[in-house]
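Undergrad: Here you go, sequence then predicted model.
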Amino acid sequence: MKTKTKINKALLIDNMQKINIRNYWVYILLCENKNYYTGYTNDLKKRYRSHVLKIGKCKYTRSFKPITIAQCWKIKGDKSFAMKIERYIKTLSREDKQKIILRPSSLSSDSRVETISKRQRLIYISLTEKDKLS
C-alpha cells in the first residue's frame, strides 16, 4: 500500500510541475509625445515589438511611438490581478506614475508582483531594436 501511495504522490508532483503557470506583465511606455502608455500582456517582448513596429491593435502607440519601456512588473499567474494593476496605474496622475517608475517596488507589496530591473527592461528594448533592423 505504501508503494502505491508513493507512486500516486510522484505522479501528482509530476503533473503539478507540468501545469504551465502563465505570467503576465504590466508595463508603462514613455511615448514620443512625452506621455505614458500603460498596458498588460502575457508576452512583453512581442507586445513591445508590436507597439514599436505599429502592428496590432494599439491605436495610441501608432500615433505616438514608444521611446522606451519606462517600467514593468511581472505578475505571477493571475491575469485578473494584472488587469487590476493596469487599471490602477491608468488612474494615477503623471506625477504619481513618475514616482512608481522611479520606485517600482512602491507599486505593490503583493508577492505576485515582481519588479523588473532596468537591465532586464533594456534586454527587451534591445531585442526589439534588432527586430526593427531585420
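TA: Perfect, I can see it now.
Undergrad: Please make it C-alpha for all contacts and neighbour counts, starting now.
TA: Noted.
Undergrad: Now Leu53: phi and psi?
TA: With angles defined as degrees, to the nearest 10, Leu53 sits at phi -90, psi 0.
Undergrad: and what of Ile28?
TA: phi -120, psi 120.
Undergrad: Number of residues surrounding the closest residue to it other than its chain neighbours?
TA: Ranked by Cα to Cα, 6 or more residues apart in numbering and with sequence neighbours excluded, the top spatial neighbour of Ile28 is Thr38, at 4.4 Å. By other Cα atoms under 10 Å, the residues close to Thr38 number 20.
Undergrad: cool, Thr115 as well?
TA: 17.
Undergrad: can you pull the contacts of it?
TA: Counting by Cα atoms under 8 Å, 6 or more residues apart in numbering, Thr115 touches Cys72, Trp73, Lys74, Pro104, Ser105.
Undergrad: looking at the sheet around it, what are its partners?
TA: Trp73 (DSSP bridges).
Undergrad: circling back to that earlier point, pull out the buried members of the contacts of Thr115.
TA: Cys72, Trp73, Lys74, Pro104 (16 or more other Cα atoms under 10 Å).
Undergrad: so the third one makes contact with Val113?
TA: Going back to what we said before, that points to Lys74. Yes - judged on Cα atoms under 8 Å, Lys74 makes contact with Val113 at a distance of 5.9 Å.
Undergrad: how would you label the residue positioned nearest the centre of the chain: helix, strand or coil?
TA: By Cα atoms, centre = their mean, the chain has its centre lying nearest to Trp25, at 1.6 Å. At Trp25 the chain is in strand, as set by DSSP: H, G, I helix; E, B strand; the rest coil.
Undergrad: need the contact list for it.
TA: Tyr40, Thr41, Asn42, Asp43, Leu44, Cys72, Trp73, Lys74, Ile75, Ala82.
Undergrad: Which ChimeraX command selects the buried ones in those residues?
TA: Selecting only the buried entries of the contacts of Trp25 in ChimeraX, with 16+ other Cα under 10 Å as the criterion:
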select :40,41,42,44,72,73,74,75,82
